[in-house]
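# Using only what follows, build the 3D model:
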Amino acid sequence: MKAKLIMSGLAALGFMAGTSSVYAQDDAARDAIAERLAPVGQLCLQGQDCGTAAAPAAAASSGGDIDGEGIYGNVCSACHESGAAGAPIRGDEAAWAERTEQGFATLLEHSINGIGAMPARGGNPNLSDEEMEAATAYMVEPVMEVPELGGGEEAAADEGAVEETAAAEDEAVTEETAVASDDAASEEDAAASEEASGGSGLDGEALYASSGCVACHASGVAGSPMLGDSEAWAARLEKGADELYASAINGIGAMPAKGGNPNLSDEEVMAIVDYMVAEVE
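Model (predicted):
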C-alpha cells in the first residue's frame, strides 16, 4: 500500500514537471516571436523625450550639404552644356581660363548677381546664395581648385538681410491680399492657372522659373522669343501647339532638347509651353 502511494506521488510530480516544461517552452516561443516582430528602430523627433533614442539636433545647412550637381542640372546646364549665348561649357579649360583667373569669389558674385547675358541666379530667383555657391563650385570644379564652401555667406550677408526684409514685407502684403480676396476672385485665379497649364494640372509657371527656361526667354538669349513678347511669338504661334511642343521637347536652333534639362518629362515641357503661350495670347 505504501509503495503504491509513493508511485502515485512520483507520477504526479512527473506530470507537473512535464506541464511546466511545456508552459516554459510556450513562453520562450512567444518571446522569440515577439522579438522577431519588434521594429528595428523607433522614430524620435527633435524636442520629444525619447530617452537614449533622442534625435540629434538638426545640423546647420552648409555648402557641403547642398546638391550642387542637381541644381546645375536643373538650372545652369541649359546654357553651360551647350554654350548658348557664349556661356563657357563645363569642363572646357580654354573657355574658363580668363574667368578662373578672377578667382572663385568673383565667379560666385557673377552667378548670384548675373553678368552679360546670364541673369541673376541663372534666372531662378528662388535659389539661395548657398545653393548658388554649391552649383558654381560643381560647375568650375573640373577647371579650377574650389575653396571650402561656406565662405560666401559673409560677403552676401547684407544682401541676405535686405532680401529677408523684402520677403517679410511681401509676405505681409500677400496675407492682407488673401484676407481681402473673395470667392469669386479665387475661382478666377484657379481658372487662369488651369488655362496656363493647358489643363494638365501642372504648374507651368513654376516649371518655367525653375527648369532653366527663364535663363534665355527672360532676356532673349540666342534669339529666343522673350516671355510676353507677342510680336516675337506671332510667327511661332501660327505653327500650332503641336509643333511648339515638338520643338521644345526635341530642341530647335540654339535651344537644346527640353531646354537643356533632360530631367523634365514631356508633360512638364508641354505645361511650360502652355504657360509661355498663354502669356502672349
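# make it CA atoms for all contacts and neighbour counts henceforth
Noted.
# wait, isn't residue 268 in contact with residue 207?
Yes - in this structure, residue 268 is within contact of residue 207 by CA atoms under 8 Å, at 7.2 Å.
# Comparing the two, which shows the higher neighbour count?
The residue with more neighbours, out of residue 268 and residue 207, is residue 268; 22 against 18, by other CA atoms under 10 Å.
# Could I get the pLDDT score of the more buried one?
Reading off the confidence values, residue 268 has pLDDT 88.
# mind showing which ranges of this structure have poor pLDDT?
Low-confidence segments of the chain (pLDDT under 70): 1-64, 151-170, 172-200.
# quick one, helices of it?
Along the chain, counting by DSSP state H, helices occupy 2-37, 68-71, 77-80, 93-100, 104-113, 129-140, 152-155, 157-180, 183-196, 204-210, 214-217, 230-237, 241-250, 266-278.
# Run through who's touching the third one.
Which is helix 77-80. Contact with helix 77-80 is made by 84-85, 87-90, 212-213, 256, 259-261, as judged by CA atoms under 8 Å, 6 or more residues apart in numbering.
# Name the residues of it that come out as buried.
Of the residues in helix 77-80, 77-80 count as buried by neighbour count, 16 or more other CA atoms under 10 Å.
# One more: the last one?
Neighbour-count burial for helix 266-278 flags 266, 268-278 (criterion: 16+ other CA under 10 Å).
# likewise the second one?
When neighbours are counted by 16+ other CA under 10 Å, the buried residues of helix 68-71 are found to be 68-69, 71.
# now those residues in a markdown table, with distance to residue 130?
Formatted as a markdown table, the buried residues of helix 68-71 follow (distance: CA to CA, whole Å):
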| residue | distance to residue 130 |
| --- | --- |
| 68 | 9 |
| 69 | 13 |
| 71 | 11 |
